[in-house]
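K.L.:
Give me coordinates for this.
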Amino acid sequence: MSSHDHHHHHDDHSELSETELRVRALETILTEKGYVEPAALDAIVQAYETKIGPHIGASVVAKAWTDPDFKKALLEDGSKAVHALGHQGRVGDHLVVVQNTPQRHNMVVCTLCSCYPWDMLGLPPVWYKASPYRSRAVKDPRGVLADFGVSLPKETEIRVWDSTAETRFLVLPMRPKGTEGWSEKQLAELVTRDSMIGTGFPKAPGAAS
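P.N.:
Okay, the predicted model is just below:
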């Protein structure tokens, strides 16, 4: 087991992307020059991994799937409903929750920059900030969804929502079939980050870890 672990230790560095290597280098320089405390960096990373991240949004979605009153409140005023759960968003951000149905599929983009509900979904994916996604999502949403492996019936309308600095959007995906009687915690494990952006679906019940 130890030799296997040792082998992976050597491979870790080579598996880092160019961006990750640059971040590592920048962190090292800033730390060595005294601009950043290593403990502060660790605290920030830990916060986004444990306190701020897709699991926050997933818990909100799971509650909406099981609690009709909360779902109604969420769709009426996302910020207010989420705050009631104890999740405080950033000042100036208004969260709008849009519901997927068999008739309509919602998809979120930010055409001007990369506005994103960080407090609900954590760090945005690289592709969300990329120009091809930002431009094509509006012009050819069905084609973009196909690129992500999302196939929808032709009769399903696709609605694209453009985020701004003041307004962020969260997609409420459809609850997977075969999850009757599941707890909120079990359901939250099926909710993916991409399903809350609209570029993916929740996991199937059998795919839950």
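
K.L.:
and Ser195, what are its phi and psi?
P.N.:
phi -70, psi -20 (degrees, to the nearest 10).

K.L.:
what's the spacing between it and Glu32?
P.N.:
Distance of Ser195 to Glu32, given as C-beta to C-beta, to the nearest Å: 41 Å. C-beta here means a position set from N, CA and C on the backbone, and glycine is covered the same way.

K.L.:
Compare the two and say which is more crowded by neighbours.
P.N.:
Neighbour count, other C-beta atoms under 10 Å: between Ser195 and Glu32, Ser195 has more, with 24 against 9.

K.L.:
contacting residues for the residue lying closest to the more buried one once chain neighbours are set aside?
P.N.:
Nearest residue to Ser195, sequence neighbours excluded (C-beta to C-beta, 6 or more residues apart in numbering): Pro173, at 4.3 Å. Counting by C-beta atoms under 8 Å, 6 or more residues apart in numbering, Pro173 makes contact with Val61, Asn100, Val191, Ser195, Met196, Phe201, Pro202.

K.L.:
Do me a favour and get the end-to-end distance for stretch 179-193?
P.N.:
Taking C-alpha to C-alpha, to the nearest Å, stretch 179-193 runs 19 Å from one end to the other.

K.L.:
ranking the contacts of Pro173 by neighbours, who comes first?
P.N.:
Result: Val61 is most packed of the contacts of Pro173 (other C-beta under 10 Å), 29 neighbours.

K.L.:
who touches the helix or strand harbouring it?
P.N.:
Secondary structure assignment for Val61, by DSSP states H and E: helix 54-66. Defining contact as C-beta under 8 Å, 6+ apart, one finds that helix 54-66 is touched by 70-71, 74, 81-82, 85, 87, 97, 117, 119-122, 170, 172-173, 175, 179, 184-185, 187-189, 191-193, 195-196.

K.L.:
Pull the distance from it to the chain's centre.
P.N.:
12 Å (C-alpha atoms, centre = their mean, to the nearest Å).
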